[in-house]
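1. starting from these lines, generate the structure:
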Amino acid sequence: MRRLALLPVFVALSLAACGAGVLTRASRPAAPATDVQERAEAVRFELRPGDPRAYYHFTLSTIAERRGDLEAAIGEIHAALRYDPTSPYLRLSLAGLLIRRGAFPDAIREAEEVLRADPKNLRAHLLLASAYLSLRNVKQAEHHFKEILRLEPGRAEIYQQLGALYAESKNFPEAVAAYREAIRLDPASATARYSLGRLYLETRQPREAIRVLEDALRIDPGFDPAAAALGFAHEGLGEWEEAKAVYRRMLQDDPNHREFLERLAQAEVRSGNLPGALELYRRLLQAHPRDLNIRTRLGLLLFEQKRFAEAVDVFQEALRQDPGHRDARFYLAVTYEEMKRYEEALAELRQIPESARNYAEVLIHTGYALGQLDRLEEAAGAFAKALAVKPGDPQVLYLLGVTQMRRKEFPQAILHLKEAAALRPDNAGYAYQLGAAYERNRQLTEAEAAFRQTLRLDPKHADAYNYLGYMFAEEGVNLDESVRLIRQALTLEPENSAFLDSLGWAYFKLRRLDEALTELLKAIQRGEKDDPVIRDHLGQVYFDKGMLPQAIEQWERALSLDSGNEAIQKRLERARGLRSRGGS
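-> Model prediction:
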């Protein structure tokens, strides 16, 4: 029969909403007590009150304790002590009840009263160790544990208690020594090895942890916490197959064991086997169809595999079961966003209240969806509100700055993008957008510095090469470097029509008109959609080559795409005038 134990969560799932389950267990050999109530209940006494009246009140105390009435139980013990005031049994019973109530100084006073009469009373020392430990008085707790060991040196469970005490106070060498002594005294103790393994994990010694946890499982193959810790140790080393083998071995006894199924699914996710994880979560959901956490994780896995329509179905079913499930609604909105169904995404996001733990993320996605719908004023408002929720957050500052740049609010954009870049000086994207904002605000020296910083951070940032090169071409400066920069961008993205246009424009500024024409015609051919800027540039090349009909054709196309562009309109009118006067 498998025996289980409480298991802390060792690692969060890689998906945002995921959390590890808690393993429960039935009785197993005594292990170090981990909370006040367990330590108090661990004390058992051999003597009973001598006076019948004292015993009567003690019995009433026991009855009150069993029905959960600690105050009545304490009152009856006080009554018993009136008839048998020297009974160590009654005083220690009272101390145990006081510990359970959290009255630690009173418990200490009663136990110390017993020790004054009997300095070798082991149970008094144990209660005092428990009380002092609860008060975080490590020195006194250690003193009483050591007194127990001085009186009875062979007690392995006390060494385990000492190990836990030292571990909690970060005295790791002493903790290791205590656990090793517990193992020496009780070589069959799986719990001591488990505790030592946990300590090795905490001190980042996964190989040592694996060794002692494997020993624990050889002693007790059904010791689930040791198996879970062993799997985690392998995960920490990136040994996914070994971790999965541990979880599969534990599932042989109980194929539907929820916690190990979840751990195996988590390991599949972390090792990149999303289809395998998906199969396991479907299995879990079949066994627990009303568990919305499992359903949400399944939806997230479908999302990660870009199976958006299926993910929508899963999240919608979660919301049918619980319309107030905020995570399911948030992930449904994000899925709609990925599907470019922005209005539906906004409808879901608006239903998430400000009290949601991830409300800043809700506002960020709201701003993004509004931006995609060109509702820029509302988008900026959403990002500004997110910034109030997360002051100084570089991502929010960046998104707000980019939105302000789209609204042509360049000074405000520069302010926020500069702050974002200062907070994240290693982020090439932030530096790049800051450069773009400077350029749009005609602060060209600052723009050049920001673009060069972008390229220092990311030497393969094609857009930064292109933007800096195009800026030089547009201003008619550093034209040879402009060509080199744009060619570097094209090395990284040879089919990019915007980059081809930039190169053609740089050649035009260098008066290398034939090369300019070649690159601009390539840009027209390779563009996904007709672009008025490229048409305008091509028109100017044709015009300077004296090819007026072709120039007029390109400018007419450009105006059909950008009818309000006055500069193109003037160039077209000039070309038409020259043609009417007999130009070629």
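2. ok now whichever strand or helix holds D514, how far from the chain's centre?
-> According to DSSP states H and E, D514 maps onto helix 513-526. Its chain's C-alpha centre lies 48 Å from the corresponding centre of helix 513-526 when counted by C-alpha atoms, centre = their mean, to the nearest Å.
3. ok, now stretch 542-560?
-> 55 Å.
4. same check on stretch 389-396?
-> If you compare the mean C-alpha spot of stretch 389-396 with that of the full chain, they lie 17 Å apart, counting by C-alpha atoms, centre = their mean.
5. might you report the residue contacts of the nearest residue to Q554 once chain neighbours are set aside?
-> The shortest distance from Q554 to any non-neighbouring residue, by C-beta to C-beta, 6 or more residues apart in numbering, is to G539 (3.6 Å). For every residue, glycine as well, the C-beta is placed using N, CA and C. Contacts were defined as C-beta atoms under 8 Å, 6 or more residues apart in numbering; by that measure G539 touches Q550, A551, I552, E553, Q554, W555, A558, I568, R571, L572, A575.
6. tell me the spacing between G539 and E556.
-> Plainly put, G539 is 9 Å away from E556 if you go by C-beta to C-beta, to the nearest Å.
7. between those two, which contacts overlap?
-> Common neighbours of G539 and E556, counting by C-beta under 8 Å, 6+ apart, are L572.
8. touching, E556 and A575? I think so.
-> No - here E556 lies out of contact with A575, judged by C-beta atoms under 8 Å, at a distance of 9.8 Å.
9. neighbour count: those two, which is higher?
-> For the pair E556 and A575, the greater number of neighbours falls to A575 (23 against 15), based on other C-beta atoms under 10 Å.
10. for the more buried one, give me its contacts.
-> With C-beta under 8 Å, 6+ apart as the criterion, the residues that contact A575 are G539, F543, L548, A551, I552, W555, G583.
11. go again using 7 Å as the cut-off
-> Contacts for A575 were tallied using C-beta atoms under 7 Å, 6 or more residues apart in numbering; they are F543, L548, A551, I552, W555.
12. I'd like to know the phi and psi angles of it, please.
-> Note on A575: its backbone torsions stand at phi -60, psi -40 [degrees, to the nearest 10].
13. likewise A384?
-> When read as degrees, to the nearest 10, the backbone of A384 gives phi -60, psi -40.
14. identify the residues contacting it.
-> If a contact means C-beta under 7 Å, 6+ apart, then A384 has L400 as its contacts.
15. can you read off the pLDDT for it?
-> Looking at A384, its pLDDT reads 97.
16. give me the neighbour count for R249.
-> Neighbours of R249 under the rule other C-beta under 10 Å: 15.
17. same thing with D313?
-> The number of residues packed around D313, counting by other C-beta under 10 Å, is 13.
18. then the one 4 residues further on?
-> A total of 16 residues lie near E317 under the criterion other C-beta under 10 Å.
19. how close does it get to H365?
-> E317 is 22 Å from H365, where distance means C-beta to C-beta.
20. next: P494.
-> Noted for P494: a distance of 34 Å to H365, by C-beta to C-beta.
21. check E112 too.
-> E112 sits 60 Å away from H365, going by C-beta to C-beta.
22. more neighbours: those two, which one.
-> Between E112 and H365, counted using other C-beta under 10 Å, the more crowded position is H365 (23 against 15).
23. so that one sits right up against L332, yeah?
-> No - under the criterion of C-beta atoms under 7 Å, H365 makes no contact with L332, lying 11.3 Å away.
24. for D291, give me phi and psi.
-> The phi and psi values for D291, taken as degrees, to the nearest 10, are phi -80, psi 110.
25. cool, Q443 as well?
-> Its backbone dihedrals place Q443 at phi -100, psi 80, with angles given as degrees, to the nearest 10.
26. now do the closest residue in space to it that isn't next to it in sequence: how many residues are near it, please.
-> Excluding the flanking residues, the one nearest Q443 by C-beta to C-beta, 6+ apart is I414, at 7.6 Å. For I414, the number of neighbouring residues by other C-beta under 10 Å comes to 22.
27. how near is I414 to K385?
-> With distances defined as C-beta to C-beta, the gap from I414 to K385 amounts to 21 Å.
28. could you look up the SS state of the closest residue to L151 other than its chain neighbours?
-> Spatially, and ignoring its direct neighbours in sequence, L151 is nearest to K120 (5.6 Å; C-beta to C-beta, 6+ apart). Using DSSP: H, G, I helix; E, B strand; the rest coil, the three-state assignment for K120 comes out as coil.
29. number of residues surrounding K120?
-> Close neighbours of K120, defined as other C-beta under 10 Å, add up to 12.
30. I'd say it and E152 touch.
-> No - counting by C-beta under 7 Å, K120 sits too far from E152 to count as a contact (9.7 Å).
31. related to what we said a few turns ago, among the contacts of G539, which two are most distant?
-> Q550 and I568 (15.0 Å; C-beta to C-beta).
32. and those two? Which one has more around it.
-> The residue with more neighbours, out of Q550 and I568 and counting by other C-beta under 10 Å, is I568; that gives 24 against 17.
33. got the buried residues for whichever strand or helix holds the more buried one?
-> Applying DSSP H and E as the criterion places I568 in helix 566-580. Neighbour-count burial for helix 566-580, with 16 or more other C-beta atoms under 10 Å as criterion, is recorded at I568, R571, L572, A575, R576, L578.
34. got it, and stretch 378-396?
-> With burial defined by 16+ other C-beta under 10 Å, the residues of stretch 378-396 counted as buried are 378-387, 390, 393-396.
35. how far does that stretch sit from the chain's center?
-> Between the mean C-alpha location of stretch 378-396 and the chain-wide mean there is a distance of 20 Å, by C-alpha atoms, centre = their mean.
36. how about stretch 346-356?
-> In this view, stretch 346-356 has its centroid 21 Å away from the chain centroid, taken as C-alpha atoms, centre = their mean.
37. and stretch 449-459, by the same measure?
-> Mean C-alpha position of stretch 449-459 versus that of the full chain (C-alpha atoms, centre = their mean) differs by 29 Å.
38. and what of stretch 427-445?
-> Here stretch 427-445 shows a centroid-to-chain-centroid distance of 31 Å under the convention C-alpha atoms, centre = their mean.
39. could you shift the numbering so residue one becomes 8, and keep it that way?
-> Renumbered: residue one is now 8, and that last one reads stretch 434-452.
40. enumerate the positions of that stretch that are buried.
-> Buried, per 16+ other C-beta under 10 Å, within stretch 434-452: 434-446, 448, 450.
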